[in-house]
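Chemist: Sequence and predicted model, in that order:
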Amino acid sequence: MRLVVVGCSGSVSGPDSASSSYLVQADEGERTYSVLLDLGSGAFGQLLRYARPEDVDAVLLSHLHADHVVDLAALDVYLRYGPGSPHHQMPLVGPEGTDRRLVELIGEPDAGTCSYAISTWAAGTPIEVGPLRIEPFEARHPVPAFAFRITGPSEDGTGTRAIVYTGDTDTCDSVTAAATGADLLLAEAAFEEDRDEVRGIHLTGRRAGELATVAAVERLVLTHIPPWTSREKVRAEACTAYGGPVDVAKPGVIFAL
Ligand SMILES: [Zn+2]
């Protein structure tokens, strides 16, 4: 199973990265299965570096904030009018209201005319895409939001591995439960300690590190860092709370598990 960082800038796109989007891939026989986690601003264009969009098996939305979903409009155009079009309807799983969000984004009168086959997350009810199993857990954010625990085959064929993506969240028991024992925790760290006092929206580097420790994960990758937040500071914060390996996500980096 592989995690490809397509875009990792937090809250808005940045000078060096698109907004949130991650490709998770796993091989089964000759076939590669791919799911795309979120599709924020600028991420569609970056996706073209790593996959043919029509080969993505499903798009999975953590929540409906603009920095996680706006390039669904670009993917819709590609699926309708791009090479080889029209393509099959792309499975799209998101929170309640995903259909209305698409109508706003795409400007069509109803979601039924767009390129997506929409379904809705129910916390604790996993979906399967080939050898990948994706379980949603409720996150702590101002709008309905989910973290994902994704299990799939290891690259070396020795068993299964687990990647956990927090989406956007502050510390909460359900995200800790999602992350427990993960091989890789992809945790947002949008806030800085001593600067961002508001709770219920995002993790700081320190809170991401605490989550990694409490959940006993093998490694921590920090992401969703806005252009106005210091990558070095949130990494240093995380390292004060977690003794394992800590990386900061960059576009194009591939984590093979
Ligand atoms: Zn958000």
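Modeler: Yes, it's here. Numbers count the residues shown, from 1 in each chain.

Chemist: mind listing what's buried in whichever strand or helix holds Tyr22?
Modeler: Using DSSP states H and E, Tyr22 sits within strand 21-28. Residues of strand 21-28 classed as buried by neighbour count (16 or more other CB atoms under 10 Å): Ser21, Tyr22, Leu23, Val24, Gln25, Ala26, Asp27. C-beta here means a position set from N, CA and C on the backbone, and glycine is covered the same way.

Chemist: can you tell me which of those residues lies nearest to the ion?
Modeler: Using CB to the ion, Ser21 comes nearest to the ion of those, at 13.6 Å.

Chemist: What's opposite the residue nearest to Ala58 when sequence neighbours are not counted in the beta bridge?
Modeler: Counting by CB to CB, 6 or more residues apart in numbering, Ala58 lies nearest to Pro91, which is 4.1 Å off, once chain neighbours are set aside. Listed beta-bridge partners, Pro91: Ala117 (assigned using DSSP bridges).

Chemist: for Arg133, same thing?
Modeler: Glu128, Thr151.

Chemist: Based on its surroundings, how many neighbours for Gly252?
Modeler: 13 (other CB atoms under 10 Å).

Chemist: Number of residues surrounding the nearest residue to it once chain neighbours are set aside?
Modeler: Nearest non-adjacent residue to Gly252, counting by CB to CB, 6+ apart: Val5, 6.6 Å away. By the criterion of other CB under 10 Å, Val5 has 24 neighbours.

Chemist: Surely Leu79 and Ser85 touch.
Modeler: Yes: counting by CB atoms under 8 Å, Leu79 touches Ser85, with 6.4 Å between them.

Chemist: neighbour-wise, which of those two wins?
Modeler: Per other CB under 10 Å, whichever of Leu79 and Ser85 has more neighbours is Leu79, with 21 against 12.

Chemist: Quick check, Leu64 in contact with Gly97.
Modeler: Yes: between Leu64 and Gly97 there is a contact at 6.2 Å, judged by CB under 8 Å.

Chemist: Name the residues contacting each of those two.
Modeler: Pro144 (CB atoms under 8 Å, 6 or more residues apart in numbering).

Chemist: more neighbours, the two?
Modeler: Using other CB under 10 Å, the more surrounded residue of Leu64 and Gly97 is Leu64, with 21 against 13.

Chemist: who in the stretch 51-200 of the chain is up against the ion?
Modeler: Residues of the stretch 51-200 of the chain lying close to the ion by CB under 5 Å from the ion are His65, Asp168.
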